[in-house]
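Asks: 3D, please:
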Amino acid sequence: MKTIHAGRVAAALLTMAIASQVRAEETPGAYDAKLAAALGADDYGMRSYVFVLLKTGPADIADEARRKELFAGHFANMTRLAEQGALVLAGPLDDDGGKRGLFILNAPTIDVAKEMVAGDPAVAAGIFEAEYSGFYGSAALMQVNAVHKMIQRQKIE
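Replies: I've put the predicted structure just below:
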């Protein structure tokens, strides 16, 4: 088996990164002011969101039918928020320390984000507890749901 030296890999990656940057800078019209405005981007292509960390809550719901009902409501709530443009990104976390999932919300304040999350049946029932933080990230995240619809073969239920 051939050994690849870390220095060669780093040099190749740096060369690719520089070449990519040069191509981006040479691409006429790469900046799309109309798209930037539609996504709420600032001059850096960034915008503010609210990051929500879902952690294991105090509820211990042993009734499997009730848990299934609450999680169905949880997914329905996420779908509703995504369709409204409020839920930008969501997903489960693989963590044994009680961190269960995350939301990135298109919300002007943490208080507005709390109102959005309060309607989630799994949060309301105490399966999850939510922690909130401001988050500054790429405005391109606003397009995740539209792109996801084009690549999702099976609906999450």
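
Asks: contacts and neighbour counts: CA atoms only from here.
Replies: Fine.

Asks: give the full set of residues in contact with the spatially most central residue of the chain.
Replies: When Cα atoms, centre = their mean is applied to the chain, the residue found nearest the centroid is residue 89 (2.6 Å). By Cα atoms under 8 Å, 6 or more residues apart in numbering, the contact list for residue 89 reads 102-105, 141, 144-145.

Asks: quick check: of those, which has the highest neighbour count?
Replies: When neighbours are taken as other Cα atoms under 10 Å, the top entry among those is residue 105 (28 neighbours).

Asks: ok, what's across the strand from it?
Replies: Applying DSSP bridges to residue 105 gives these bridge partners: residue 50, residue 87.

Asks: surely it and residue 113 touch.
Replies: Yes - with contacts counted by Cα atoms under 8 Å, residue 105 reaches residue 113, the gap being 6.8 Å.

Asks: and the helix or strand where the residue nearest to the centre of the chain lies, average pLDDT?
Replies: Residue 89 is located in strand 87-92, with elements delineated by DSSP states H and E. Averaging pLDDT along strand 87-92 yields 95.

Asks: same question, stretch 110-129
Replies: Average pLDDT, stretch 110-129: 96.

Asks: touching that stretch from outside, list them.
Replies: Applying Cα under 8 Å, 6+ apart, the contact partners of stretch 110-129 are 50, 54-61, 70-71, 73-74, 77-78, 81, 100, 105, 107, 130, 132-134.

Asks: out of these, which are inside helices?
Replies: Members of those lying in helices (criterion: DSSP state H): 70-71, 73-74, 77-78, 81.

Asks: now, the most widely separated pair of these?
Replies: Largest separation among those by Cα to Cα: 70 and 81, giving 16.4 Å.

Asks: what about the protein, any weak spots by pLDDT?
Replies: Along the chain, segments meeting pLDDT under 70 span 1-29, 157.

Asks: for it, what spans make up the strands?
Replies: Secondary structure of the chain (DSSP state E): strands at 46-56, 87-92, 99-105, 128-138.
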